[in-house]
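1. Have a look; sequence and predicted model below, questions after that.
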Amino acid sequence: MSYDPIDIALILGKIGLVFFVILTLAAYLVFAERKVLAWIQDRKGPNRVGPFGLLQPLADLVKLLTKEDFRPVGADKWLFYLAPAMAAIPAIMIFSVIPFGAPLTLFSHTIPLQVADLNVGLLLFLALSSIAVYGVALGGWASNSKYALLGSIRGLAQLISYELSMGLSLVPVVMLARSFRLSDIVAAQSGCWFIVYQPLAFLIFLISIAAECKRIPFDLPEAEGELVAGFHTEYSGMRFGLFFVGEYINIIVLGGLAATFFLGGWHGPLLPPVVWFSGKVLAFAFLFIWVRGTLPRLRYDQLMHFGWKVLTPLALVNILATGWFLVLKG
Amino acid sequence: METLFFLIVAAIAVICSLMVVTNKNPINSALSLIMTFFCLATLYVMLEAPFMAAIQVIVYAGAIMVLIVFVIMLLNIKSEAGRRTSHALFMGISVGLLLLVQTWYLLVKSSLSSVRGTVDSAMISKVGHTELIGKSLFTDFLLPFEITSILLLVAIVGAVVLSKKKL
């Protein structure tokens, strides 16, 4: 197999672009979250660094990079250093299969706006999100601290439970689109978005991704009232930053996936596709921030009960109903 | 190029599986096993079976190993004191050698080595790998498939019965 040098350059360019955009967006999402929360709680929020506080993410980055990077006594050296990367890298890698715009045609070259158009794209997403669990689990275990261990045990149990309902809620999407390929799933929604056929699956997916990014009604792994900071209690400096940014990358990526699976991906009238896609992702990010400003935290047994006894059976019934619908429709 | 890549992946797989049995710390053993599963998934991708690769990672690395790590963390098992006897070493080596001889015999002496199946690269790129697996599972291998699912159902019911104190 040999590739055109132009193709290789394009792929590298797309990877670079996605990296740059996602990391910048994640940093500014932290800022946006602080601003929106402040607005919800009738405060002003960060407004000291730069105009309207817009340079705050840069100041935070400098602070995190210059902080001392230490390791608690008795911590497992390798796992302690590896865990933050294990949490953040799978989250960025998932974005490689998301189509973020309609294919461009430049000088008779068709450029799909997607890093890798895999025929098992949806399965790759499920595989990578199940790998991301290890960052949480090992980070807490390697810290050699009670709170961190409790946080990571909670995190593990929660992520396993909600991954199940997340995977099951995507089965009807695959049944409707008849493909695991994300570009096919987007193409199948050119007429009508899947949220119209599958409102229940969308709701289950939305709740599951909130649990998957450990956002507020489901933020038990880092419940600050009881566990200090949960699984990343012992981390400082940029290693803590990696865990933190990883969570915001997760929000962007999972928001992008929700848009791809249920809201027609980059499809939309009038505006260019890339604008539609970014708009949908930002709408999901805003929804998550809004939920954080509104809801209290669940109790641990409520969380498990809800995942296993409500979401999973509902998702199974939904798959059966979709199957019957497709058979009767022929 | 492909052979070189295969050799690298295979070497990592062998080293990691050796580390599974030689590591004293159970968490490190579990992590080495996950690395081995990743190498196997890479080999599946090289064999043009991306569906198998994804399932390998989801089921083994993502589900089963997470549960094993969970149990190790919950019980907080620290490094095991060296209780390794020459007896176990001898048995392990002899079983390994036996399997090696058997594989070698099967590959070199039997008539299986030169047989080619009906599925080839052209067919995979035309029909799609996932479709091919789905078709053969639900037509040619329907009975084993159903038996496996009943077995899994029995295991699930058994797990519920065993873990519930009063029914």
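-> Cool, got the structure. What you see is a predicted model; the values in this text were computed from it and never measured. Residues are numbered from 1 along each chain as shown, chains lettered A, B, ... in the order given.
2. How confident was the prediction at residue A:291?
-> pLDDT, residue A:291: 87.
3. In contact with residue A:259: list those residues for me.
-> A:265, A:277, A:280, A:281, A:284 (CB atoms under 8 Å, 6 or more residues apart in numbering or on different chains). In this view, the C-beta of every residue, glycine as well, is placed from N, C-alpha and C.
4. State the helix or strand in which the second one lies.
-> Remark: residue A:277 resides in helix A:273-294, with elements defined by DSSP states H and E.
5. just how off-centre is that helix within its chain?
-> 12 Å (CA atoms, centre = their mean, to the nearest Å).
6. Can you tell me which of the contacts of residue A:259 is nearest residue A:101?
-> Distance ranking of the contacts of residue A:259 against residue A:101, using CB to CB, places residue A:277 first at 6.1 Å.
7. Return the distance of residue A:147 relative to residue A:231.
-> To residue A:231, residue A:147 is 9 Å away according to CB to CB, to the nearest Å.
8. more neighbours, the two?
-> Taking neighbours as other CB atoms under 10 Å in any protein chain shown, residue A:147 and residue A:231 compare with residue A:231 leading, 33 against 19.
9. contacting residues around the lowest-mean-pLDDT helix or strand in chain B?
-> Between all helices and strands in chain B, the lowest mean by mean pLDDT, DSSP states H and E belongs to helix B:121-127, at a mean of 76. Around helix B:121-127, the neighbours that count as contacts under CB under 8 Å, 6+ apart are B:48, B:132.
10. Report the contact partners of the residue in chain A that chain B sits nearest to.
-> Residue of chain A nearest chain B, by CB to the nearest CB: residue A:130 (2.7 Å). By CB under 8 Å, 6+ apart, the contact set of residue A:130 is A:163, B:57, B:58, B:61, B:62, B:63, B:66.
11. Do I have it right that the third one meets residue A:124?
-> What it means is residue B:58. No. If you go by CB atoms under 8 Å, residue B:58 and residue A:124 don't touch, sitting 9.4 Å apart.
12. Go ahead and list the helix or strand containing residue A:123.
-> Using DSSP H and E, residue A:123 maps to helix A:121-131.
13. when you scan the helix or strand that comes right after that helix, is anything in it near chain B?
-> Remark: after helix A:121-131, the chain's next helix or strand is helix A:133-142, criterion DSSP H and E. Yes. On the criterion CB under 8 Å from any CB of the partner chain, helix A:133-142 is in touch with chain B at A:133, A:134, A:137, A:138, A:141.
14. which secondary structure elements does helix A:133-142 contact?
-> helix A:77-94, helix A:146-177, helix A:237-262, helix B:26-46, helix B:65-75 (3 or more CB pairs under 8 Å, 6 or more residues apart in numbering or on different chains; DSSP states H and E).
15. follow-up on the earlier one: among the contacts of residue A:259, which one has the most neighbours?
-> In terms of neighbours by other CB under 10 Å, those top out with residue A:265 at 30 neighbours.
16. Over to it: give its phi and psi.
-> Dihedral angles of residue A:265 (phi, psi; degrees, to the nearest 10) stand at phi 60, psi -120.
17. What residues does it make contact with?
-> A:99, A:182, A:185, A:186, A:189, A:259, A:277.
18. how about 6 Å then?
-> A:99, A:186 (CB atoms under 6 Å, 6 or more residues apart in numbering or on different chains).
19. what's the answer for residue A:10, then?
-> Going by CB under 6 Å, 6+ apart, the list of residues near residue A:10 is empty.
20. Nearest to the spatial middle of chain A, which residue is it?
-> Nearest residue to the geometric centre of chain A (CA atoms, centre = their mean): residue A:250, 2.7 Å.
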